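# any chance you could fold what I've pasted below:
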Amino acid sequence: MRSKNNHLSDTVSLDALEQVDFQQYWLIAKRRWQPTVVVFAAIMVLTSFGASLQKPSYTASGKLLVRANRLPTLTGLGSESAGRISNLTMQSNPLRTEAETILSHPILERTIAALKLTDSQGKPIAPDALGKQIKVKDVSGADVLRITYENRNAEHAAELINQLMGEYLQSNILENRSEAAAAREFIVQQLPKTEVTVRQAEVALRQFKERSGIADLEREEELLTDTLGKIESQMTDARTDLSALNTRFETLQSKLQMDAQQALDTSTLSQSPGVQQVLSQLQQIQVQLEIERTRYQEVHPEIVSLLSKESALKDLLQQRMSDTIGAQIVTQQNLTPGEIKQGLIKDFVNAEVERLSLASRLDALGVARDAYRQRVGAVPRLEQEQRELQRTLGAAQSTYESLLKRLQEVQLTERQTVGTARIIESATIPTQPSGSKKNIIFMLGTVLATLLALGTVTFLELRDRSIKSTKEAREFFGYTWLGTIPFFGKLTHARSRRQEWTIPDLPVRDAPRSMVSASYRMLQANLKFLSLDDRLKSIVITSSVPKEGKSTIAANLSATLAQLGRRTLLIDADMHHSSQHHIWNLTNAQGLSDVIVGQASVDGAVISVSENLDVLTCGVIPPNPLALLDSKRMLSLIESFERSYDFVIVDAPPLVVEAEALTLGKITDGILLVVRPGVVDFASATVAKELLQQSSQNVLGMVINSAILETEMRRSGDYDRDYQSQETAIRAT
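Numbering: from 1, shown residues only. Here you go, the predicted model:
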């Protein structure tokens, strides 16, 4: 697992290293080394001058031991916390607190006054100015403060440190005594108030016991709990009995088919003589009526008489019943219950009476239980109130006793003359100068010079918006990279070649074995491999802006193709700034413009400059070159040239200057873009790229020209030197 992690770490490190382009940094340094060196040297000169002005100084130092006052602990009469040094927060440091105290204004002012320290104008030194010169640091791992002061006068440095420590010790003692005095005054003020608080707490506790009427709350709670338990037990028994009575009551009610009131009425009527007498007469009349009906019809006088008597007896019976039990209606069958039913009715009425009695008793027990529960619930509140009163009384008594004890302690502390610090090492007069500040000044100057130099490089790079290297050009355009043409000539003239237009050289013709010639041969090979199926016949060579060397590329590429045995025609179509006649040392009396308008023939305008290579110069500069190059005549000329030659190379104007290159690109096989780092900027390159994309040009690729800033192209110098040495040897023989 560890091996796997190590391998992963190594892989990540290599990836990160590959992302750092050290070559790019080296190229930037080469471009900007002069201003960088100037800025760095200027800062270092100023640093050296400032260091030379420094004079030797002496540093005196003393040490203070900061610890707690042990006198209260040793005597046993004071508080253990008296004189103790403690931090207020977790982040604070007692030693740093004492260090800030040493550098406080009062101590510094007393030191200045004692030593009569003045500035150059004779005025007392400001405490802040003196405090900045004094260093107070805590010694690691010890409760010790080291105080240092640097001055050109050794005796003055030691005297100031000793005086400062003496003033601090005196201030420390006075501060401890003043704190004790302030504490004593506070305690004396608080004692009467605390005594009054104790008395008030005692009175409040006594009044509470009198008001509650309970001497012992714990005993009272036990009694209430026992009583409440007994009531709960009685209520449980009553509920059980009531449940049994309810069952009995419901059973009797089901058998009698009457409620309790009906049973009571029935029992009352069965025991009433008047009701029973009328009921007996009524029953006799009803029996006689039944007998007579067997003999007579309903309209018979005997039947009518009996019915009349029956009705009168019924009315009388209802009158007697109403007088006996009120307005309740009772059936005739219930007026004469049997002995068994009468017994059941009696039991039914007795069950109802017992049930009502038991329910009433259960309600009474519930009321009693609620009352006891309320009393039991009030006990915790009373206990809480009693505890609060007892706590208040206890706290007041404790505070009073503590104040009395503290009063004795602070009185003892107030009489002490021992502080929380002492001198363990006085300052002595230094004999050797302190470490020189020259090294520090040189180090700071070097850092500042380095930062300013880097800032200068960064500023210059940000200001320069040109494409500076082959890598930037390839990444920006994204076209197929067909080759890089190194700078041909002395490196010292590189900058001047970019700023002023000169007649380009023909290294392919003049130095065929040079590195530049090899680069052109590589370029034509790459062009050949671009399209194996459709052979390229006509190529437009252009650039984004002027001075990128497109004409030089066109001339040397044409010469390279001719040297390889291919009939090549070089056309100078840059009618704004023609240069091919200068390169080949030709006259420009007749050229492309004359052929297009019909003022010259092709045979008369085309000039042979070498074997297999013909040149068609620009000719007379027309007022509107685009109109000529965008004509049908130009199209027919290109088609004719493609039939007559193996290659047709067209030198077109830059893309950003005119639109002729885009027009020519549509009537040829494609465009070859020339990019020269250091000449074209990103803005112009962006415009050129957009023009090519918008017009849907067939961009064959790009060639980097005059790559003098590329580290890998330095090989050309060695190659060319070998070539020159060989040529010299050949001439010598």
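# my guess is residue 648 contacts residue 539, does it?
Yes - Residue 648 is within contact range of residue 539, at 7.2 Å (criterion: CB atoms under 8 Å). Just so you know, the C-beta spots here come from the backbone N, C-alpha and C atoms, and that holds for glycine as well.
# ok, those two, which is more surrounded?
Remark: of residue 648 and residue 539, residue 648 carries more neighbours, 27 against 22, as counted by other CB atoms under 10 Å.
# assign a three-state SS to that one, would you?
Secondary structure, DSSP: H, G, I helix; E, B strand; the rest coil: residue 648 is strand.
# let's number from 168 now, not from 1
Shifting the count to begin at 168 puts that one at residue 815.
# got a pLDDT number for it?
On pLDDT, residue 815 comes in at 95.
# what sits in contact with each of residue 815 and residue 706?
residue 835 (CB atoms under 8 Å, 6 or more residues apart in numbering).
# could you check how far the closest residue in space to residue 742 that isn't next to it in sequence is from residue 763?
Once flanking residues are discounted, residue 742 sits nearest to residue 792: 3.7 Å by CB to CB, 6 or more residues apart in numbering. Residue 792 is 10 Å from residue 763, where distance means CB to CB, to the nearest Å.
# same check on residue 680?
39 Å.
# okay, the two: which has more neighbours?
Using other CB under 10 Å, the more surrounded residue of residue 680 and residue 763 is residue 763, with 21 against 14.
# quick check, that one in a helix?
Yes - counting by three-state DSSP, residue 763 is part of a helix.
# ok, now how distant is the residue nearest to residue 742 from residue 559?
For residue 792, the distance to residue 559 (CB to CB) stands at 110 Å.
# which of the two has more neighbours?
Between residue 792 and residue 559, residue 792 has the larger neighbour count (other CB under 10 Å), namely 22 against 17.
# quick one: contacts for the more buried one?
By CB under 8 Å, 6+ apart, the residues touching residue 792 are 742-743, 760, 820, 825, 827.
# and residue 785, by the same measure?
Contacts for residue 785 were tallied using CB under 8 Å, 6+ apart; they are 739-742, 745, 747-748, 755, 758-760.
# mind running it again at 6 Å?
739, 742, 745, 758-759 (CB atoms under 6 Å, 6 or more residues apart in numbering).
# which residue packs closest to it, ignoring adjacent ones?
Once flanking residues are discounted, residue 785 sits nearest to residue 745: 3.5 Å by CB to CB, 6+ apart.
# try residue 647
The nearest residue in space to residue 647 (CB to CB, 6+ apart) is residue 868, at 3.6 Å.
# for the chain, what spans make up the strands?
Assigned by DSSP state E, the chain shows strands spanning 225-233, 301-305, 311-318, 588-592, 648-652, 705-710, 735-739, 773-777, 780-783, 814-818, 838-842, 866-872.
# relative to strand 301-305, how tilted is the first one?
With axes from the mean of the first three to the mean of the last three CA atoms, to 10 degrees as the basis, strand 225-233 and strand 301-305 are set at 40 degrees to each other.
# can you name every helix or strand that strand 225-233 contacts?
strand 311-318, helix 321-379, strand 588-592 (3 or more CB pairs under 6 Å, 6 or more residues apart in numbering; DSSP states H and E).
# can you mark which positions in that strand are buried?
For strand 225-233, the neighbour count (16 or more other CB atoms under 10 Å) marks 225-231, 233 as buried.
# relative to helix 321-379, how tilted is that strand?
On the basis of the same axes, to 10 degrees, strand 225-233 is oriented at 20 degrees to helix 321-379.
# returning to what we had before: just the helices and strands packed on strand 225-233: most buried one?
Highest mean neighbour count of the helices and strands packed on strand 225-233: strand 311-318, a mean of 20 (counted as mean count of other CB atoms under 10 Å).
# nothing else from me, thank you.
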